[in-house]
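Undergrad: Fold the following.
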Amino acid sequence: MLSKLQKASDKVGLFLQNKPFSTAWLQFQFQRHFHMERKNSSKVQGLYDFCKKTFTPSGTPPPSSQAVRDLCSLLDTVGPADVGLEEQSSDDDRGLGFSGLYGLNRVARWAQPITYLDIYECDSFTMCIFCFPTSAVIPLHDHPGMTVLSKVLYGSMHVKAYDWVEPARFQETKGPGYRPVRLAKLATDKVLTPQYGTSVLYPKSGGNLHCFTAVTPCAVLDILTPPYNEDAGRKCTYYVDYPFPTFSAVNGAEVSNEKEEYAWLSEIDTPDDLYMRPGVYAGPAILV
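TA: Numbering: from 1, shown residues only. Next up, the predicted model:
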């Protein structure tokens, strides 16, 4: 007795033997199948396909401005359901809301659990999601030599971001054992929502050093290119920021434009109590 697979194969073989195919007919069938696949393709698959053909492991050459705009347009269409998420309620008894953040010390704020969802990672780029409860914080950190696109999927997130002042300006701090501080210029200090659209930071502009603080439960989709790689010099470093007068008053530093806001940043060790737990990505699978 023939198996179902054998019967199916025989039917296909018989059909092919008796069907007078033409090149045009085959091309039509291929195009029909291709367009159906594109129609049924997920938005995540579209992001992957675009990133795969655009980005390189070295980040050289950097993505063109047109490529960044095109990727932003794709990201702007992505919502929670497209990546397997449900929007979280703003009622979160673990959080205190934005106004209550400043009543918490840094340890208490960083201890709020953040869930990391890995969508895809390769030598050229990383696609991932961070899910925050209210008041959770990813402290000030950098993205050396990287371009990062971020899209808030739901909720509200406060972003404070800096760029280094060039040429680099350092100041010694007040005692032995203290690390020097480096001058940075404020690039962003605002609350982002899904309606804001995709934000972009570049290796030397756009707020390469940033801090995320959840105003409400929120999630952000990140695409980083190239990804963190310590061997390639792309190590994530954490910082603490001090108001400009803290050290300028002592050292007599001056800036050329008083209308712009500056701060001194000092490198710190990776926070031991930054609580980030892995989660399971539940969105559409990516066809690699």
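Undergrad: Could I get the phi/psi values of the most centrally placed residue in the chain?
TA: By Cα atoms, centre = their mean, the mean C-alpha position of the chain lies nearest to D222, the distance being 1.8 Å. Main-chain torsions, D222, degrees, to the nearest 10: phi -110, psi 140.
Undergrad: before we move on, what about Q195?
TA: With angles defined as degrees, to the nearest 10, Q195 sits at phi -70, psi -20.
Undergrad: Let me see the confidence value for V181.
TA: For V181, the model assigns a pLDDT of 92.
Undergrad: which residues does it bridge with?
TA: Beta-bridge partners for V181, by DSSP bridges, are Q171.
Undergrad: how close does it sit to G207?
TA: According to Cβ to Cβ, to the nearest Å, V181 and G207 sit 19 Å apart. Any C-beta I mention is one placed from the backbone N, CA and C, and that applies to glycine too.
Undergrad: Please apply the same query to A282.
TA: 30 Å.
Undergrad: who has more neighbours, the two?
TA: Applying other Cβ atoms under 10 Å to A282 and G207 shows that G207 carries more neighbours, namely 23 against 10.
Undergrad: Just give the closest residue to the more buried one, not the sequence neighbours.
TA: The shortest distance from G207 to any non-neighbouring residue, by Cβ to Cβ, 6 or more residues apart in numbering, is to A161 (2.6 Å).
Undergrad: Need the three-state assignment for the one you found.
TA: Assigned by DSSP: H, G, I helix; E, B strand; the rest coil, the conformation of A161 is strand.
Undergrad: can you list the weak-confidence ranges in the stretch 101-250 of the chain?
TA: The model of the stretch 101-250 of the chain has pLDDT under 70 over residues 101-112, 174-176, 248-250.
Undergrad: Please enumerate the helices of it.
TA: Taking DSSP state H, counting those that start in this stretch to define them, one finds helices in the stretch 101-250 of the chain at 106-110, 245-251.
Undergrad: my read: L186 touches A263, true?
TA: Yes. Counting by Cβ atoms under 8 Å, A263 is a contact partner of L186 at 6.6 Å.
Undergrad: Need the residues touching each of these two.
TA: Common neighbours of L186 and A263, using Cβ atoms under 8 Å, 6 or more residues apart in numbering, are Y162.
Undergrad: Counting neighbours, go ahead and name the busier of these two.
TA: Per other Cβ under 10 Å, whichever of L186 and A263 has more neighbours is A263, with 22 against 16.
Undergrad: From K190, how far off is S199?
TA: For S199 relative to K190 (Cβ to Cβ), the value is 10 Å.
Undergrad: Tell me which of those two has more neighbours.
TA: Shown here are S199 and K190; by other Cβ under 10 Å, S199 has more neighbours (21 against 11).
Undergrad: Name the nearest residue to T213, sequence neighbours excluded.
TA: Distances taken as Cβ to Cβ, 6+ apart place H158 nearest to T213, at 4.4 Å, with adjacent residues excluded.
Undergrad: Distance of S199 relative to V152?
TA: 9 Å.
Undergrad: Need the overlap of contacts for those two.
TA: Residues touching both S199 and V152 (Cβ under 8 Å, 6+ apart) are L192.
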